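*Asks:* got a sequence here, can you build the structure:
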Amino acid sequence: MFTRSLGFACFVLALLLPNVLLAQSEVPRVEVGALYTLLKSEQLTPQGGTSNEAGVGGRFTVNLKSWLSTEAEINYFPKSSAPGNRTLGLFGVKAGWRAERFGIFAKARPGILYFSDPRLPAPPFPSVGACFGLRQKNFAMDVGGVVEGYPSRRTVIRVDAGDTITKLERICPYPPFAFPFTTHNPQFNIGFGFRF
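*Replies:* Residues are numbered from 1 along each chain as shown. Here you go, the predicted model:
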């Protein structure tokens, strides 16, 4: 009889204790933050190559569980290797492990890359088959890792590293009129936010 009662008490404690511990260290539900971003981008010029583009942005995160979040992010790059500027909007998930003072996550966020001026610079020696522009709105996918630090319960410092994969199309004056291609662009973000 005593063994059954002790076993039942242990079973009830095993069920209730994780909920009590979780209630004490519950993760704030919403995060709002600002960030600085650096994108190593393929130059969309006749000379080719890559360029480092600096930008600023904002992020809104909803923590569904301590290990799972949905988030939306927008980045603005005022000086782009393409004419005009770029805006990158992303929405997706972040999943991983979180302790009281830091967390490590993986992220996958599809979105849109928008060019304010999709015209391509003219090549130094124009040819008959030269393409003259890009599609203005293009699919993008950001995959990578996130490290977060929590200096206090209401603040977060976040560092992201990943690959922003973009599917672009060159617009040309001859059939087939559009030539799709994909670029891989390493991206690094550092940001600060508030948790509510």
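
*Asks:* am I right that Trp97 is in contact with Ala106?
*Replies:* No - using C-beta atoms under 8 Å as the test, Trp97 is too far from Ala106 to be in contact (10.0 Å). Where you see a C-beta, it was placed from the backbone N, CA and C, and this is true even at glycine.

*Asks:* what about Glu148, distance to Gly162?
*Replies:* 14 Å (C-beta to C-beta, to the nearest Å).

*Asks:* ok, back up a step: and Trp97 and Ala106? which has more neighbours close in?
*Replies:* Between Trp97 and Ala106, Ala106 has the larger neighbour count (other C-beta atoms under 10 Å), namely 13 against 10.

*Asks:* show the contacting residues for that one.
*Replies:* Ala106 makes contact with Lys94, Ala95, Gly96, Val143, Gly144, Gly145, Val146, according to C-beta atoms under 8 Å, 6 or more residues apart in numbering.

*Asks:* secondary structure element for it?
*Replies:* strand 102-115 (DSSP states H and E).

*Asks:* partner strands of that strand, parallel or antiparallel?
*Replies:* Neighbouring strands of strand 102-115 in its sheet, by DSSP bridges, are strand 86-98 (antiparallel), strand 137-152 (antiparallel).

*Asks:* how about the helix or strand just after the last one: buried residues?
*Replies:* In the C-terminal direction, the helix or strand that comes right after strand 137-152 (DSSP H and E) is strand 155-171. Buried residues in strand 155-171, counting neighbours by 16 or more other C-beta atoms under 10 Å, are found at Val156, Arg158, Asp160, Gly162, Thr164, Thr166, Leu168, Glu169, Arg170, Ile171.

*Asks:* who's the second one bridged to?
*Replies:* Beta-bridge pairing of Arg158, defined through DSSP bridges, involves Glu148, Gly191.

*Asks:* is it correct that it is in contact with Gly33?
*Replies:* Yes - applying C-beta under 8 Å as the test, Arg158 and Gly33 come out as touching, 6.8 Å apart.

*Asks:* what's the overlap in contacts for those two?
*Replies:* What both Arg158 and Gly33 touch, as defined by C-beta under 8 Å, 6+ apart, is the set Arg59, Gly191, Phe192, Gly193.

*Asks:* tell me which helix or strand Pro176 sits in.
*Replies:* Going by DSSP H and E, Pro176 is not part of any helix or strand.

*Asks:* and it, how many neighbours does it have?
*Replies:* Count around Pro176 with other C-beta under 10 Å applied: 7.

*Asks:* contacts only, for it.
*Replies:* By C-beta under 8 Å, 6+ apart, no residues touch Pro176.

*Asks:* do you know how far it is from Glu169?
*Replies:* Separation of Pro176 from Glu169 (C-beta to C-beta) stands at 10 Å.

*Asks:* kindly report the same for Ala99.
*Replies:* 44 Å.

*Asks:* okay if I get the shared contacts of Arg158 and Gly33 as CSV plus distance to Leu134?
*Replies:* Below are these laid out as CSV (distance: C-beta to C-beta, whole Å):
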residue, distance to Leu134
Arg59, 26
Gly191, 28
Phe192, 33
Gly193, 33
